[in-house]
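# the amino acid sequence is not available; the structure is as follows:
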């Protein structure tokens, strides 16, 4: 399991064998069954988690109980309620497993310790967060400016794996659309392709 | 002007006097008049910019010519079309000055050089991007899940300076609302407060 993480790090920065060994001590392994919670809103998000296998989703529940998906984390992705993790405040997001999932978890104390003791990890996370900001900027633009159909088509083009792997009601929630809207768009696309 | 940047860096990480001197060589200074462009969509975003005085906005224009504001950058903020800057691809965002503004600019080549030569800057940007992700996560939740009134009230609570300093039509664009909706909400709030 740690191999997936170490190879992910090694793809972005140069780490020595000693640093790899040192890194191991900061992480704990956890298995989640499908639909099992990793975090519930109102709790403190104690760990930042790296998905070594499977798929997690984070989402926000509004007052009417509707779920709004914040992100999906496939293999090689990190996930948390970031505000809750960094500031150790109550989480507004829930995180649970869309598929059976394996994760590597690090506490805030160990995250800080790791960044102090292995400075190249500052570089790793700087690159990671940089990429994440690029993605989030793009998503915010799509969310504020595109029609329902444009949103779906953009996602299908940018993240075909997501469309294949994630149930359609969750895709709808991720795009801030009603499931019926997604069905209508998919029907229209399939008619246009026949 | 560089003092604002150096003090911003020093507030987040430890840098030596030598590193401060070294940093200076990477930045160029630029003054923008009110409404002057820093970046236009379709161009390559050649620099990451630090606002030492004033206020910039970045926005996306949709096909109907409507502006959707991505972010405001006050003093002490960094701004760019991040995807365009990092990948040197065509920008989808425009950036211009809401007020007379002074910035410090760094090219991608110098940004990479600075991060290699002064590793503590990896730490600085890691912290900066970390904070930015927390803010963007929160904004995405608000954008997808809140009513118009809730969006405005949340912004007023979280960023009172923005409400005071930024024209209302720009606040409306930032929140993805019609200017009339903002006027209606402001009227309602002011009636409730009398």
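Noted; the coordinates are in hand. Treat the numbers as computed from the prediction; the structure is a model and nothing was measured.
# so residue A:26 makes contact with residue A:108?
No. Under the criterion of Cβ atoms under 8 Å, residue A:26 makes no contact with residue A:108, lying 11.3 Å away. Any C-beta I mention is one placed from the backbone N, CA and C, and that applies to glycine too.
# give me the pLDDT for whichever residue of chain A sits closest to chain B.
Residue nearest to chain B within chain A: residue A:129 (3.6 Å; Cβ to the nearest Cβ). Predicted confidence (pLDDT) for residue A:129: 95.
# and the strands in chain A, which stretches?
Secondary structure of chain A (DSSP state E): strands located at A:28-32, A:37-39, A:47-53, A:56-61, A:67-73, A:78-79, A:94-97, A:101-107.
# excluding its backbone neighbours, what's nearest residue A:170?
Of all residues not flanking residue A:170 in the chain, residue A:69 sits nearest, at 6.0 Å (Cβ to Cβ, 6 or more residues apart in numbering or on different chains).
# bridging residues for the one you found?
Under DSSP bridges, the beta-bridge partners of residue A:69 are residue A:59.
# please name the residues that touch it.
A:57, A:58, A:59, A:170, A:173, A:174 (Cβ atoms under 8 Å, 6 or more residues apart in numbering or on different chains).
# what residues does residue A:185 make contact with?
Here residue A:185 is in contact with A:148, A:149, A:152, A:153 (Cβ under 8 Å, 6+ apart).
# the first one: neighbour count?
Pointing back at residue A:148 there. By other Cβ atoms under 10 Å in any protein chain shown, the residues close to residue A:148 number 16.
# roughly how far apart are residue A:161 and residue A:116?
36 Å (Cβ to Cβ, to the nearest Å).
# can you tell me the closest non-neighbouring residue to the residue nearest the centre of chain A?
Geometric centre of chain A, nearest residue: residue A:73, 3.1 Å, by Cα atoms, centre = their mean. Excluding the flanking residues, the one nearest residue A:73 by Cβ to Cβ, 6+ apart is residue A:79, at 3.9 Å.
# before we move on, what about residue A:173?
Using Cβ to Cβ, 6+ apart and skipping residues adjacent in sequence, the residue nearest residue A:173 is residue A:69, 4.4 Å away.
# got the residues of chain A near chain B?
Within chain A, the positions near chain B by Cβ under 8 Å from any Cβ of the partner chain are A:60, A:62, A:66, A:68, A:70, A:81-83, A:86-87, A:92-93, A:115, A:119, A:122-123, A:125-126, A:129-130, A:132-134, A:136-141, A:143-146, A:176.
# got any ranges where chain A has weak pLDDT?
Filtered on pLDDT under 70, chain A yields the residue ranges A:140, A:144, A:193-194.
# could I get the full set of helices for it?
Using DSSP state H, the helices assigned to chain A run over residues A:2-10, A:17-24, A:82-87, A:108-117, A:120-145, A:148-158, A:160-165, A:168-175, A:179-192.
# residue B:41: which of those is closest?
helix A:120-145 (11.0 Å; Cβ to Cβ).
# now for the closest one, which elements pack on it?
helix A:108-117, helix A:148-158, strand B:56-61, strand B:67-73, helix B:82-87, helix B:120-145 (3 or more Cβ pairs under 8 Å, 6 or more residues apart in numbering or on different chains; DSSP states H and E).
# and the ones you listed: which comes nearest residue B:182?
Set against residue B:182 and scored by Cβ to Cβ, the helices and strands packed on helix A:120-145 come closest in strand B:67-73, at 12.7 Å.
# which parts of that closest one are buried?
B:67, B:68, B:69, B:70, B:71, B:72, B:73 (16 or more other Cβ atoms under 10 Å in any protein chain shown).
# you'd agree residue A:117 is up against residue A:25?
No. When contacts are counted by Cβ under 8 Å, residue A:117 is not listed as touching residue A:25 (9.9 Å).
# neighbour-wise, which of those two wins?
Comparing residue A:117 with residue A:25 by neighbour count (other Cβ under 10 Å), the higher total belongs to residue A:117, at 14 against 10.
# please report how far that one lies from residue A:172.
44 Å.
# again, but for residue A:187
14 Å.
# can you check residue A:89 too?
Applying Cβ to Cβ to residue A:89 and residue A:172 gives a distance of 29 Å.
# these two: which is more packed in?
residue A:172 (20 against 12).
# contacts only, for that one.
With Cβ under 8 Å, 6+ apart, residue A:172 has these contacts: A:178, A:179, A:181, A:182.
# out of these, which is most surrounded?
residue A:182 leads the contacts of residue A:172 on contacts (other Cβ under 10 Å) with 19 neighbours.
# just give me the neighbour total for residue A:59.
22.
# swap that for residue A:3, sorry
Neighbour number of residue A:3 under other Cβ under 10 Å is 9.
# same check, this time on the one 3 residues further on
As a burial measure, the neighbour count of residue A:6 was computed by other Cβ under 10 Å and equals 16.
# ok, now which ones touch it?
Taking Cβ under 8 Å, 6+ apart, we find residue A:6 in contact with A:15, A:20, A:23.
# switch to 7 Å and redo it
residue A:20 (Cβ atoms under 7 Å, 6 or more residues apart in numbering or on different chains).
# residue A:97 touches residue A:51, doesn't it?
No. Look at residue A:97 against residue A:51 with Cβ atoms under 7 Å: they stay out of range, at 9.5 Å.
# quickly note the distance from the closest residue in space to residue A:96 that isn't next to it in sequence to residue A:82.
Nearest residue to residue A:96 in three dimensions, chain neighbours excluded: residue A:37, at 4.8 Å (Cβ to Cβ, 6+ apart). Noted for residue A:37: a distance of 18 Å to residue A:82, by Cβ to Cβ.
# okay, those two: which has more neighbours?
residue A:82 (25 against 11).
# pretty sure the more buried one sits against residue B:134.
Yes. Look at residue A:82 against residue B:134 with Cβ under 7 Å: they come within range, at 5.1 Å.
# overlap of the contact sets of these two?
In contact with both residue A:82 and residue B:134: no residue, using Cβ under 7 Å, 6+ apart.
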